[in-house]
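*Asks:* Pasted the sequence and its predicted model underneath.
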Amino acid sequence: MAALIGIDIGRHFVKIVHVEWKTKLHLKKAVFFPASYKMAGAQMEMDAEAFLRELNSHFTQAELKVALIGTNIPSSLVKVMSVDLPKMSSKELAIAAVAEAKRKMVPAPGPLSIFEHMVLQEVIVGKVPRYEVLVTKTEKNYVEQTLKLFSGLKEIVPVIISPLSFTLPSLLFQNPQVNQQNTAFVDIGYDSIVIIIAKGGNVHFARDIQFGFKNIVEHLAKELNIDGKKAGQLLETRGIPQIDFDLSDRVKVAEEIMRQKYEASLQEGGQDETSPLELRLTLQSDIENIVREIRRSLAYYKEQSKGGRVETILFLGGGTIIKGFVAVLIKEFGGSKLFNPLRELDVSLDLKDAEDIVNKGALFAGSLSLALSAAFTRKTKREINFLPLELKKRERVAQQQLTAILVAALVLLLFAGSCAKFAVDNNILRLSLKHLKEEAQSVQESALLLEKLEQKKASIDGKIVAIQGLKDRRVIGPFILEAIARAVPQQVLLNTITVSCAAADNIAADGEENQDSFTLQEQGQENNEKGSSQDACGLTIAAACLADYEQALAYARQFKDNLSHSVYFRNVTLDLPQLETMSPVVGSDEGVLLTGQKERRFTINAQVQAYNNEKF
């Protein structure tokens, strides 16, 4: 963020704050000097020569040129009103807001009146979105008088000209909790008291009371029958005395005044001086008047905002330097305090009288808010800014040119960096290429050797696969065949034995009468080539016997039971011989048979628990 300068031009003092953003907001300088006015026709205007002389005594041209400057016009020269308008585009809203203000403002705006507006919030009325718009008006010559102060500076103009009442909410940007509350700012100035109520960074209520430090001094001078200068000095040195009893008790008040005067006469050698209580009684009516006006403003805002309650009251301005003044006001309002924004800033170590300046932070609150608004007006474009349109455009063009210059410088820097990187990379690539050429021959020889080794490895792998295939396709183990032979009843003749595995070849044995022959059936060859094996395989035995049906059934069940008792088989099942119609016949030794003797076929299925020889 650029350096920021806020210039608060008051009726009695000109307050200037110079800050810049580092890790946080940093206070570089804070000064104030008496405001010098002169008559210009029928109006009072500030002496531009005296202003520039004081400004140049505290700031260099370089500091002013690089800084964003914000300044103000008196709030008394600005008229404010709120209008309710339908939701529309920004251009249409600007035209409608000004037209509505010209129609309703009293007194009616003249041909030299200029307007600014700000959208406060969007509200829904009867399911229709509408804008609550704040419209402000001032006269062109007031703005020209402010710009005239900077005419002696070459190409140095402020970026924002705004009443303090619209810049003070910017002081709460680092305190979002308070910023979202209804917060009242009471700016006690030389000839007026400005009361504004803000929420969410927007001003919802503004009032300029034509009563300030000047009126208090005049009243004090009149009551004590002294000149204004002496009354001002008396108020600045002694302040407003604090009391701890009821002022309505006249007798007690008179006794206390006599006591204080008597003690003062003893100490001062008999001089008659105004007692603290007498001074307080003289100022009491002014204090009550200020308290009453503040309460009226809070009550009016609560009524207009339909119950909006002000939660925090912040006192600031030149009047706060009067000793005891703010303390008296704080007793009248809960949630109120002296607002000193300089205590939240980093302070430059070389700042002269830094502690005294920070203690007077409430005096510089307005100028600090103008400095912050100078930065915010570039970002948000939502600040009330009476800067002439041509200067706004010039500022916008200057900002665009600066942005273009920065972009061009960045592009040039990136291009130069790219060129340097290309040169370095090119040199590295040349060295790498030379090194690669040197290694290319040795790599080529290694590649040839590796190719020969790969060929030898492929040959060996092929032989291993062939050997593994022969191993996986070997016939069923002799232990299983021996177990089957022991389980076969003498009367049963085996036709075929089939072993089927998910990852092995099937082996079938064909037997005809008393001769056994075995045939290797190539199945599951793909799985064998992968070298997989299973612990459990399926066994199917097709058998037959020469007997009647009942005898064949007994032989088949005996065969099944024998296999079930073997450790090599499990889940043994029997497919019984096919039923047939009873046809009694006479047997040779057994009497009458229900069916005739013939070849009867049946099938037994089982699972073999292992078939590789080494697993038995």
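*Replies:* Yep, it's here. Numbers count the residues shown, from 1 in each chain.
*Asks:* drop to CA atoms for contacts and neighbour counts, all remaining ones
*Replies:* Fine.
*Asks:* Show me where this structure dips below the pLDDT cut-off.
*Replies:* Residue ranges of the chain with pLDDT under 70: 1, 264-273, 349-351, 378-382, 395-402, 469-477, 501-536, 586-591, 610-616.
*Asks:* Show me the helices in the stretch 451-600 of the chain, by range?
*Replies:* Ranges of helices in the stretch 451-600 of the chain, per DSSP state H, counting those that start in this stretch, are 478-487, 525-529, 549-564.
*Asks:* Could you report the distance from E144 to I7?
*Replies:* Applying C-alpha to C-alpha, to the nearest Å, the value for E144 to I7 is 16 Å.
*Asks:* higher neighbour count, those two?
*Replies:* Legend: neighbour count by other C-alpha atoms under 10 Å for E144 and I7, higher for I7 (26 against 12).
*Asks:* Distance to N495 and mean neighbour count for the helices of the stretch 451-600 of the chain - can I get that in TSV?
*Replies:* TSV is the format used below for the helices of the stretch 451-600 of the chain (distance: least, C-alpha to C-alpha, whole Å; neighbours: other C-alpha atoms under 10 Å):
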stretch	distance to N495	mean neighbour count
helix 478-487	13	15
helix 525-529	25	16
helix 549-564	14	19
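*Asks:* Quick check: which of those is nearest to L93?
*Replies:* Closest to L93 of the helices of the stretch 451-600 of the chain is helix 525-529 (C-alpha to C-alpha; 82.5 Å).
*Asks:* Sort out which residues of stretch 229-243 are buried, please.
*Replies:* For stretch 229-243, the buried set under the neighbour-count rule, 16 or more other C-alpha atoms under 10 Å, comprises A231, G232, L234, L235, G239, I240, P241.
*Asks:* could these be laid out in TSV, adding distance to E92 and secondary structure?
*Replies:* Below are the buried residues of stretch 229-243 laid out as TSV (distance: C-alpha to C-alpha, whole Å; DSSP: H, G, I helix; E, B strand; the rest coil):
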residue	distance to E92	secondary structure
A231	54	helix
G232	51	helix
L234	56	helix
L235	52	helix
G239	53	coil
I240	52	coil
P241	56	coil
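*Asks:* before we move on, back to that, wait, which of the helices of the stretch 451-600 of the chain is closest to P276?
*Replies:* helix 525-529 (114.1 Å).
*Asks:* For V78, state which of the buried residues of stretch 229-243 is nearest.
*Replies:* Nearest to V78, judged by C-alpha to C-alpha, of those is G232 at 28.7 Å.
*Asks:* Give me the spatial nearest neighbour of that closest one, chain neighbours excluded.
*Replies:* Leaving aside its chain neighbours, G232 sits nearest to V217 (5.6 Å; criterion: C-alpha to C-alpha, 6 or more residues apart in numbering).
*Asks:* And T138, by the same measure?
*Replies:* Nearest residue to T138, sequence neighbours excluded (C-alpha to C-alpha, 6+ apart): V78, at 4.9 Å.
*Asks:* Backbone dihedrals for the one you found, both of them.
*Replies:* Dihedral angles of V78 (phi, psi; degrees, to the nearest 10) stand at phi -120, psi 130.
*Asks:* now do R130
*Replies:* Torsion angles at R130 (phi, psi; degrees, to the nearest 10) stand at phi -140, psi 160.
*Asks:* rewinding a little: how much space is there between the residue nearest to T138 and D191?
*Replies:* As for V78, its distance to D191 is 15 Å (criterion: C-alpha to C-alpha).
*Asks:* got it, and L279?
*Replies:* For L279, the distance to D191 - C-alpha to C-alpha - is 21 Å.
*Asks:* Pick out the residue nearest the middle of this structure.
*Replies:* P176 (14.7 Å; C-alpha atoms, centre = their mean).
*Asks:* just to revisit the earlier point, neighbour-wise, which of L279 and D191 wins?
*Replies:* The neighbour comparison of L279 against D191 (other C-alpha under 10 Å) goes to L279, with 20 against 17.
*Asks:* got a list of what that one touches?
*Replies:* Residues near L279 by C-alpha atoms under 8 Å, 6 or more residues apart in numbering: I240, P241.
*Asks:* I figured V17 hits L372, correct?
*Replies:* No. Here V17 lies out of contact with L372, judged by C-alpha atoms under 8 Å, at a distance of 10.3 Å.
*Asks:* what touches both of these two?
*Replies:* Joint contacts of V17 and L372 (C-alpha under 8 Å, 6+ apart) are G6.
*Asks:* my hunch is that H219 is in a strand, does that hold up?
*Replies:* No. Counting by DSSP: H, G, I helix; E, B strand; the rest coil, H219 is not found in a strand; it is helix.
*Asks:* rewinding a little: can you list the helices of the stretch 451-600 of the chain in TSV and add distance to I161?
*Replies:* Shown next, in TSV, are these (distance: least, C-alpha to C-alpha, whole Å):
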stretch	distance to I161
helix 478-487	109
helix 525-529	91
helix 549-564	108
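*Asks:* buried sites along stretch 159-174?
*Replies:* Across stretch 159-174, burial judged by 16+ other C-alpha under 10 Å covers 159-172.
*Asks:* mind checking the end-to-end distance for that stretch?
*Replies:* Stretch 159-174 stretches 22 Å from its first residue to its last (C-alpha to C-alpha).
*Asks:* where exactly do the helices run in the stretch 101-250 of the chain?
*Replies:* For the stretch 101-250 of the chain, the helices defined by DSSP H, counting those that start in this stretch cover 140-148, 176-179, 213-224, 228-238, 250-267.
*Asks:* tell me how far the second one is from the chain's mean position?
*Replies:* Translated: helix 176-179. Its chain's average C-alpha position is 17 Å from that of helix 176-179, according to C-alpha atoms, centre = their mean, to the nearest Å.
*Asks:* Export it to PDB, keeping only CA atoms.
*Replies:* Output of helix 176-179 as PDB, limited to C-alpha atoms (Å, rounded to 0.1, in the frame of the first residue of the first chain):
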ATOM      1  CA  PRO A 176     -15.000  -6.000  12.600                       C
ATOM      2  CA  GLN A 177     -17.000  -6.800  15.700                       C
ATOM      3  CA  VAL A 178     -17.600  -3.100  16.500                       C
ATOM      4  CA  ASN A 179     -17.900  -2.300  12.800                       C
END
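*Asks:* No further queries at this time; thank you.
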